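>>> give me coordinates for this.
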Amino acid sequence: MAPLNLLVETLAQAQYQAIRGGQGVGFSPAPPPEHRPILVAWRDGLPHGLEEGERIPAKELLRLERLACTLLAAQGGLPPLTWATFYYLDRHEPERVLAPRENLLPHLRWRARNLPAARRVHLAATDASFLLDLEAPLEAFLQIEGSGLELYAWPEERLREYLQAAARGRAPQQATLEWRGQTYRGTWEELAQVVGAIRKVKLVI
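All right, here's what the predicted structure looks like:
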């Protein structure tokens, strides 16, 4: 990965726009040839700074707090954190919280008990180690320990949807499903076929 200072210098000279599309960022008009290797080197971190479909001048990218944290974490300048973005039906702008990983699960549980239900929750680690996007009704929580990600999901009729959402965010990541004294390992899609009438599971990546 190119040093962060090279990215800063490149974006400061940018005369093009950055556009988020899916899991990538495009630029229009095309950056000059000397900029492209630097932008390619940071392609995994840049998407976390923009909302889907968002378009801004590329030179303004580093003014975004959420992107700056992601890039610093990728360089080892910050401990891994998680951006939790909450979308509500009655609010024009989403609410974004930057949570230490050890506080993420307690924070999500507290919100579920004390605040109005969000229509969507988007979770993204600053080191790009995971990305999960869940839609209402939201009854899923994440817990990260070391290099592992645990997903607690219930009720049973929603579990397959959670697995499929996680598959979209992390495919083709392998995971372990611990359920009723047995252990299953496979991709998110394979585990989605395993689940049946269950109340609660723990998924460990």
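>>> and the pLDDT at residue 86?
Per-residue confidence at residue 86 stands at 91 (pLDDT).
>>> likewise residue 77?
At residue 77, pLDDT is 64.
>>> same check, this time on residue 49
At residue 49, pLDDT is 71.
>>> does it touch residue 67 like I think?
Yes - Residue 49 is in contact with residue 67 according to CB atoms under 8 Å; the separation is 2.5 Å. Where C-beta positions appear, they are placed from N, C-alpha and C, glycine not excepted.
>>> identify the contacts common to the two.
The contact sets of residue 49 and residue 67 overlap at residue 61 (CB atoms under 8 Å, 6 or more residues apart in numbering).
>>> any low-confidence regions in this structure?
1-2, 65-66, 69-70, 73-78, 137-139, 144-148, 154-156, 170-172, 196-199, 205 (pLDDT under 70).
>>> would you mark the buried spots in the strand or helix carrying residue 124?
Taking DSSP states H and E as the criterion, residue 124 maps to strand 120-125. By 16 or more other CB atoms under 10 Å, the buried positions in strand 120-125 come out as 121, 122, 123, 124, 125.
>>> what about the helices in the chain?
Taking DSSP state H, the helices of the chain run over residues 4-12, 36-41, 65-74, 101-114, 156-170, 188-194.
>>> residue 86 is nearest to which of those?
Smallest distance to residue 86 across those (CB to CB): 7.4 Å, for helix 101-114.
>>> the closest one packs against which elements?
Helices and strands touching helix 101-114, by 3 or more CB pairs under 8 Å, 6 or more residues apart in numbering; DSSP states H and E, are strand 81-87, strand 120-125, strand 140-145.
>>> residue 136 against residue 118, yeah?
Yes - look at residue 136 against residue 118 with CB under 8 Å: they come within range, at 6.7 Å.
>>> contacts only, for residue 71.
Residue 71 makes contact with 4, 7, 42, 45, 62 under the criterion CB under 8 Å, 6+ apart.
>>> if I look at it, how far off is residue 64?
Noted for residue 71: a distance of 10 Å to residue 64, by CB to CB, to the nearest Å.
>>> distance of the residue nearest to residue 88 when sequence neighbours are not counted from residue 46?
Excluding the flanking residues, the one nearest residue 88 by CB to CB, 6 or more residues apart in numbering is residue 118, at 5.6 Å. When CB to CB is the yardstick, residue 118 and residue 46 sit 26 Å from each other.
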